[in-house]
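**Q** predicted coordinates and the sequence they were generated for:
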Amino acid sequence: MITIDTISKKYGKAEVLNVDSIKIPTGQSFGLVGNNGAGKTTLFNILLDLIRPTTGAITNNNIVVNQSEAWKNFTGSFIDESFLIGYLTPEEYFDFIGDLRGMNKADVTSFLSQFNEFFNDEIIGKKKYLRDLSKGNQKKAGIVAALMGNPQVVVLDEPFANLDPTTQIRLKAIIKKLTENREITVLVSSHDLTHVTEVCERIVVLDKGNVVKDIETSTETLQELESYFSV
Amino acid sequence: MISHFLKLEWKQFVRSATFGKSIALKILMGFFALYFIVTFLAIGVGGYFILKKEFPDSDPLQLVNSYLLFAILGDLIFRYLMQKLPIMNIKPMLTLPIKKSKLVHYVLRKSSFSFFNIMGLFFYIPFAVVLIKEGYNTAGVLGWLFTMILIIQSANFLNFIINKNNIALGVIGTILLSLIGLQKFDIVDVVGYGGQIFDAIYANPIYSIVGVVVLVVLYQLNYKQLRNQVYLDAAVADKVEEANTSDMTWADKLGDIAPFIKNDMRLIWRNKRTKTVFMMSFLFLFYGLIFFTNPLIIEKMPIMFIFAALFVTGGFTLNYGQFIPAWDSSHYKMLMSQSFRYRKFLESKWFLMVAMTVILYFLSIPYIYFGWDIFLMITAGAIFNIGFNSLFLLYAGSFNRKRIDLTKGGFSNMQGTSATQFLIVLPIMGIPMLLFWGFKALISFNAGIIAIAVVGILGLVLKNYIMNFIEKKYIKDKYAMINAFGKEA
């Protein structure tokens, strides 16, 4: 259960985010859409305690994120390439994150073996540093790292951007499988309306920092969103 | 079109990371540049008179000429190691309506004005001016100078044709070594023959035409070679390093901090700038030689010994420590969203600094040669570096707000430097020097050394307490650091 309570963020006089209240129950797949500058990444950054809100607080499974760091133990996230360590190979990066999340080498290896298909032979054993991988492959590595250590909450900012079509489809399957048992909460933001409507059961639309729509996904949702954004 | 290019160059220069943003840094770098220019000018102007004084029997110009051959080969090797054609600059222009030939000409001509080509002129031009003033044949000197410029330019283009080909380097190296050998064992008078070539140019300046022909041919070869390679998968390709991985399982013995230690060692080894810092720390080992061999300092300013003693073992701690945690700035956000005690991150940095200081201390044992007093000073300095400086630098690091981009080059890269770096020098160097000075004046030399060591030991004893304090400071400043490190440097 994630509770977003009267969160706002101001830079000087400009308000970039103002969300009254959003409650995300455990096990929900939650989608965030909006144009550039709508405040999607800001909201995620506040959720991860990477920036401080001007007002309000976010509670992640009963933990107020900027008061205790206990949420880090069950929250996996990938925001952008700055979450990668460029001078490591993907394997070393996974080992490093695994170490921090209490996995030993064997755990990491068996965990990664689930993603062989997703990696499509482009990540493991390539003798390349992360900084030299293509944007799409960097993203693959980052997403999988976010899933390490059995997180209860997974936060992915624009996970579909830069991925090839096959990987997009595979990622959708992974996200769906995560929320299958209603134990893992997944938060995804995207510019791609088709993808979010497909994987998320609930979609919130942000515009200039405000929530303008909060819909339970149905067969009409895609159309509704398209007509909203086409103005 | 050229004016467009020049405007871009100017912007690239002014906005480059090396150039920095703060005015203090610009002034400092300006001084450095000025210092080097003045030094070279001084050598150029004074060279004639120095040679005349040292070797009154020979002609200074002939003397210079006789060793030019070695200088040219040395220059080629130096270029081979350091100079690279700045071809990547034209990547954004490949899709614009500009002819490829124009781009290639631009890149090549631009290389003519590179630092490597200008540097030598600071010697040759003033030297030539002095020669003319001293009554040498003007036409001859100008022809000679013209040839020198042609040779520099030819070396410039020859280097790009060689283009990091190791066989070519071997050939040049072998030629240079065999020339030195031939001279040394009096088999062939290389110096004499080499000198005659350049003397002939002075006598008949018209010979310099040969240089023009060589230059034109080399330029054309370069142009042809490059023109066919202006493709993203040829010359304009990003170089991808092959990763060399090692498990470093031995580091697992270090327990909790092992993942960070492993990470830091990879950070140091796989990035140019950190690698330079690491290598430099071994060079600092020799820093003491400058001081300890100078009888003037021994008499007048023994306090400077403390300064040197600190540097001998502290090269790594000082150079690496002052930029903690900016080394991790590019992925700082990620670290902050992971679950670990901040303490472990700090402990690993501390461990690294201490371990390197201990290693450097053992390597400094030969300083015993200069007497036990000197070695005791180094010992006290090492204890101070371990006990006080490593903790102090960790604390000072919490004030770092400048991002460091690890992918940028190593040498003379000032990225991440701010007022913090200038301020921290005061306690790091000042405290031990003051302690030594005070206790030596009041009690004795030994008391001065003991005082420094005691402060270091005190730091070690109180380490846990101080670490708690530092940890709190880092946690408090977390958001400010995330924000600052997120900005482009």
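**A** All right, it came through fine.

**Q** how near is the residue of the stretch 151-300 of chain B at minimum distance from chain A to B:Thr276?
**A** Of all residues in the stretch 151-300 of chain B, B:Pro259 sits closest to chain A, at 3.7 Å by CB to the nearest CB. Yep, even glycine has a C-beta here, placed from its N, CA and C like the rest. Separation of B:Pro259 from B:Thr276 (CB to CB, to the nearest Å) stands at 25 Å.

**Q** out of the two, which sits in the busier spot?
**A** B:Pro259 (21 against 17; other CB atoms under 10 Å in any protein chain shown).

**Q** in terms of helices and strands, where is the nearest residue to that one once chain neighbours are set aside?
**A** Distances taken as CB to CB, 6 or more residues apart in numbering or on different chains place A:Asp99 nearest to B:Pro259, at 3.7 Å, with adjacent residues excluded. Using DSSP states H and E, A:Asp99 sits within helix A:90-100.

**Q** quick check: the residue nearest to B:Pro259 touching B:Asp256?
**A** No: in this structure, A:Asp99 is not within contact of B:Asp256 by CB atoms under 8 Å, at 9.6 Å.

**Q** those two: which is more packed in?
**A** The neighbour comparison of A:Asp99 against B:Asp256 (other CB under 10 Å) goes to A:Asp99, with 21 against 14.

**Q** in a helix, B:Leu96, correct?
**A** No: assessed with DSSP: H, G, I helix; E, B strand; the rest coil, B:Leu96 is coil; it does not lie in a helix.

**Q** what about it, neighbour count?
**A** B:Leu96 has 8 neighbours, counted by other CB under 10 Å.

**Q** bridged to the residue nearest the centre of chain A, which residues?
**A** Nearest to the geometric centre of chain A sits A:Leu156, at 1.2 Å (CA atoms, centre = their mean). Assessed by DSSP bridges, A:Leu156 has beta-bridge partners A:Phe78, A:Val188.

**Q** quick one: residues contacting it.
**A** Residues near A:Leu156 by CB atoms under 8 Å, 6 or more residues apart in numbering or on different chains: A:77-78, A:143, A:146, A:175, A:186-189.

**Q** ditto for B:Gly397
**A** Counting by CB under 8 Å, 6+ apart, B:Gly397 has contacts B:321-326.

**Q** any idea how far B:Ile428 is from B:Ala396?
**A** Distance from B:Ala396 to B:Ile428, by CB to CB: 9 Å.

**Q** same question for A:Thr217.
**A** With CB to CB as the criterion, A:Thr217 and B:Ile428 are 60 Å apart.

**Q** more neighbours: the two, which one.
**A** Comparing A:Thr217 with B:Ile428 by neighbour count (other CB under 10 Å), the higher total belongs to B:Ile428, at 22 against 19.

**Q** hang on, the more buried one packs against B:Leu393?
**A** Yes: with contact defined as CB under 8 Å, B:Ile428 and B:Leu393 form a contacting pair (7.4 Å).

**Q** which residues do the two both contact?
**A** The contact lists of B:Ile428 and B:Leu393 share B:Leu318, where a contact means CB under 8 Å, 6+ apart.

**Q** what is the burial count for the residue of the stretch 51-200 of chain B found nearest chain A?
**A** Nearest residue of the stretch 51-200 of chain B to chain A (CB to the nearest CB) works out as B:Met88 at 14.9 Å. Using other CB under 10 Å, B:Met88 is surrounded by 14 other residues.

**Q** where does A:Ile215 land in three-state SS?
**A** strand.

**Q** correct me, but it touches A:Tyr228?
**A** No: applying CB under 8 Å as the test, A:Ile215 and A:Tyr228 come out as separate, 9.9 Å apart.

**Q** who's more crowded, those two?
**A** Higher neighbour count among A:Ile215 and A:Tyr228: A:Ile215, with 18 against 15, using other CB under 10 Å.

**Q** what's the nearest residue to B:Arg343 if we skip its chain neighbours?
**A** That would be B:Glu471: by CB to CB, 6+ apart, it lies 5.1 Å from B:Arg343.

**Q** next one: B:Leu283
**A** In this structure, B:Leu283 finds its nearest non-sequential neighbour in B:Gly315, 7.2 Å apart by CB to CB, 6+ apart.

**Q** OK, contacts around that neighbour?
**A** Applying CB under 8 Å, 6+ apart to B:Gly315 gives the contacts B:280-285, B:287, B:360.

**Q** need the buried ones from those residues selected in ChimeraX.
**A** Selecting the buried subset of the contacts of B:Gly315 in ChimeraX, with 16 or more other CB atoms under 10 Å in any protein chain shown as the burial test, is done by:
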select /B:280,281,284,285,287,360
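
**Q** tell me the one of the contacts of B:Gly315 nearest B:Trp144?
**A** B:Leu283 (37.6 Å; CB to CB).

**Q** next one: phi and psi at the closest one?
**A** As for B:Leu283, its main-chain torsions (degrees, to the nearest 10) stand at phi -70, psi -40.

**Q** and the helix or strand containing A:Gly31, what does it pack onto?
**A** Per DSSP H and E, A:Gly31 falls inside strand A:29-33. In terms of contacts (3 or more CB pairs under 8 Å, 6 or more residues apart in numbering or on different chains; DSSP states H and E), strand A:29-33 is packed against helix A:40-47, helix A:165-178, strand A:185-190, helix A:193-199, strand A:202-207.

**Q** compare the ones you listed and give me the one nearest B:Glu242.
**A** Closest among these, using CB to CB: helix A:165-178, at 24.7 Å.

**Q** tilt between that closest one and strand A:185-190?
**A** Counting by axes from the mean of the first three to the mean of the last three CA atoms, to 10 degrees, helix A:165-178 points 150 degrees away from the direction of strand A:185-190.

**Q** ok, and what's touching whichever strand or helix holds A:Thr109?
**A** Per DSSP H and E: A:Thr109 is located in helix A:105-113. Helix A:105-113 is contacted by residues A:94-95, A:98, A:103, A:119, A:124, A:144, A:148 when judged by CB under 8 Å, 6+ apart.

**Q** count of neighbours near the closest residue in space to B:Lys402 that isn't next to it in sequence?
**A** Closest residue in space to B:Lys402, ignoring its immediate chain neighbours: B:Gly416 at 4.5 Å, by CB to CB, 6+ apart. By the criterion of other CB under 10 Å, B:Gly416 has 23 neighbours.

**Q** wait, doesn't B:Gly416 sit right on B:Ala326?
**A** Yes: the pair B:Gly416 / B:Ala326 is scored as a contact, 4.6 Å apart, by CB under 8 Å.

**Q** overlap in contacts, the two.
**A** B:400, B:402-404.

**Q** now which of those residues would you call buried?
**A** B:400, B:402-404.

**Q** which of those lies closest to chain A?
**A** B:Arg403 (10.3 Å).

**Q** contacting residues around that closest one?
**A** B:326, B:329-330, B:415-416, B:484-489.

**Q** so which of these are in helices?
**A** B:484-486 (DSSP state H).

**Q** closest one of these to chain A?
**A** Of the ones in helices among the contacts of B:Arg403, the one sitting nearest to chain A (CB to the nearest CB) turns out to be B:Gly486, at 7.2 Å.
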